[in-house]
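> what's the 3D shape of this:
(chains A and B)
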Amino acid sequence: MHHALADAGYQIDVLEHQSKLKSFADSLHESGLYPLKPDSIDTFQINIGKMCNQTCKHCHVDAGPDRKEIMTRETMQTCLEILASNPQLSSVDLTGGAPEMNPNFRWFVGQIHLLNRHIMVRCNLTIIVSNKKYFDLPGFYKQHNVEVISSLPFYAKDRTDKQRGDGVFEASILALKLLNEVGYGVAGSGLTLNLVYNPAGAFLPASQTILEKEFKHSLAKEFGIEFNNLFTITNMPISRYLDYLLVSGNYENYMNKLIQSYNPVAANHVMCRNILSIGWDGTIYDCDFNQMLDLKVQGNSRHISDFDFSELSKREIIVNQHCYGCTAGAGSSCGGAIEKKD
Amino acid sequence: MSNHYYNAPDLAKFGAIGEFQKELADSFFSWYGKVFNEGALSAREKSIIALAVAHAVQCPYCIDAYSTDAVEKGYNQAQMMEAVHVAAAIRGGASLVHGVQMMNKVKEISM
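Next up, the predicted model:
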């Protein structure tokens, strides 16, 4: 799996020099948003490891079963101390890899729950049915009132398996049924199950409202599955997806499309203005994408051991060409489209 | 002078046709945008109609644009090819139905 594009520096070189495209910083300048600064930071997004049971073609983390980078309990403990002393961080978004594969995952969720924070877990679904030790995850999530956010690239097998691997669609459907069984996604249960759609190819997501309607209709009709919201996410031109764009000859067109679709309204509300992204080793980044490009936050508070909320709130957010992925069309964030209307 | 009658990158320059006549271009793009909004037909249904029509009028720019749009809106390969067959069937039928005119004329002038 390791090749030149696994190197963050090489990816940045490709993004900056592969073609003469308008810089993202220039676009922000024109919108009066440069330098980009935090708005109100309320979410702690913690990547607790790159290990995953899947090896998806588009994965910006380059995650897979062979990845050994895993957050230790000691680092988690420091995160908990930061949460305890910074109540403005009201939400914790746990991601990976497959976060559930971290041996301290359940302990960590339990501790965050005790701090009375809203917890989101980015669950790839198949982990739930991959091994009997994970079969009880839906009940565990329910017990800790976790918001489950799960990737399902499409409501049909062909597109899903092309992106995420053979058998992923069927395993995902089974996992969704298990989540529905304990109440997730079911109206009136209070248990939130949101799905994430990202395009299986070199194109942008359609309207979130339209796709959500299609997903709800098809999953209910074909499999009797319910869920709350669909989040449409644009693929960022980094890591494996950047490799795909270059190898397939789609890079130039894709970047041009992102740039032509630049939306200043979306740019004003990009997620990096409201989150801090923590890497598996405790390093602090502006977002999970900057984390994978090894673009650490500006300033002296670059690791949780030197956490300084006041300094982080005043920092300039590091931007580069990949940021066009968050500002194209209706915009894109970990919570889906930024402009919710059609 | 261009070496090609059709250049894929020209699609991205479509918006620049206003350079020679801004008022009419603005009117066209405003109307065009409204046509593809949600209405009695959904934006998704309009996308597959546009894909079929693109093939009927054999516009390579429109085929590129609406192949992408239909994929983005969730149509699968079989659905998109069936839409192209609809366009082809109407075009083929349009030729063939003129055979009636040919038959009428032949009968008119024959003993």
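
> please count neighbours and contacts with C-alpha atoms only from this point.
Will do.

> separation between whichever residue of the stretch 151-300 of chain A sits closest to chain B and A:L293?
Of all residues in the stretch 151-300 of chain A, A:A206 sits closest to chain B, at 5.1 Å by CA to the nearest CA. Relative to A:L293, A:A206 is positioned 27 Å away (CA to CA, to the nearest Å).

> element containing the closest residue to chain B within the stretch 1-150 of chain A, please.
Residue nearest to chain B within the stretch 1-150 of chain A: A:L21 (14.2 Å; CA to the nearest CA). Per DSSP states H and E: A:L21 is located in neither a helix nor a strand.

> the residue nearest to it when sequence neighbours are not counted: what secondary structure?
Spatial nearest neighbour of A:L21, chain neighbours left out: A:N256 (7.6 Å); criterion: CA to CA, 6 or more residues apart in numbering or on different chains. At A:N256 the chain is in helix, as set by DSSP: H, G, I helix; E, B strand; the rest coil.

> just the pLDDT for A:N256.
For A:N256, the model assigns a pLDDT of 92.

> and if you look at A:T75?
For A:T75, the model assigns a pLDDT of 98.

> that one - how many residues pack around it?
A:T75 has 17 neighbours, counted by other CA atoms under 10 Å in any protein chain shown.

> what's it in contact with, if anything?
By CA atoms under 8 Å, 6 or more residues apart in numbering or on different chains, A:T75 lies in contact with A:281-282.

> switch the cut-off to 10 Å
Residues near A:T75 by CA atoms under 10 Å, 6 or more residues apart in numbering or on different chains: A:48, A:81, A:279-282, A:304-305.

> now the residues you listed: which count as buried?
A:48, A:279-282, A:304 (16 or more other CA atoms under 10 Å in any protein chain shown).

> okay, now B:L24: neighbour count?
Neighbourhood size, B:L24 [other CA under 10 Å]: 12.

> quick check: closest non-adjacent residue to it.
Per CA to CA, 6+ apart, closest to B:L24 is B:G18, 7.4 Å.

> what do you get for A:V168?
Using CA to CA, 6+ apart and skipping the chain neighbours, the partner closest in space to A:V168 is A:D161 (5.7 Å).

> and what of A:L83?
Closest to A:L83 by CA to CA, 6+ apart is A:L89, at 6.5 Å.

> wait, is the one you found part of a strand?
No - according to three-state DSSP, A:L89 belongs to no strand; its state is coil.

> contact partners for it?
A:L89 sits next to A:40-45, A:82-83, A:117-118, A:274-276, A:309 when contact means CA under 10 Å, 6+ apart.

> now render the residues you listed as CSV, adding pLDDT.
CSV is the format used below for the contacts of A:L89 (pLDDT from 0 to 100):
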residue, pLDDT
A:S40, 93
A:I41, 97
A:D42, 97
A:T43, 97
A:F44, 97
A:Q45, 98
A:I82, 98
A:L83, 98
A:R117, 98
A:H118, 98
A:N274, 97
A:I275, 97
A:L276, 98
A:F309, 97
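
> among those, which two are most distant?
A:H118 and A:F309 (19.2 Å; CA to CA).
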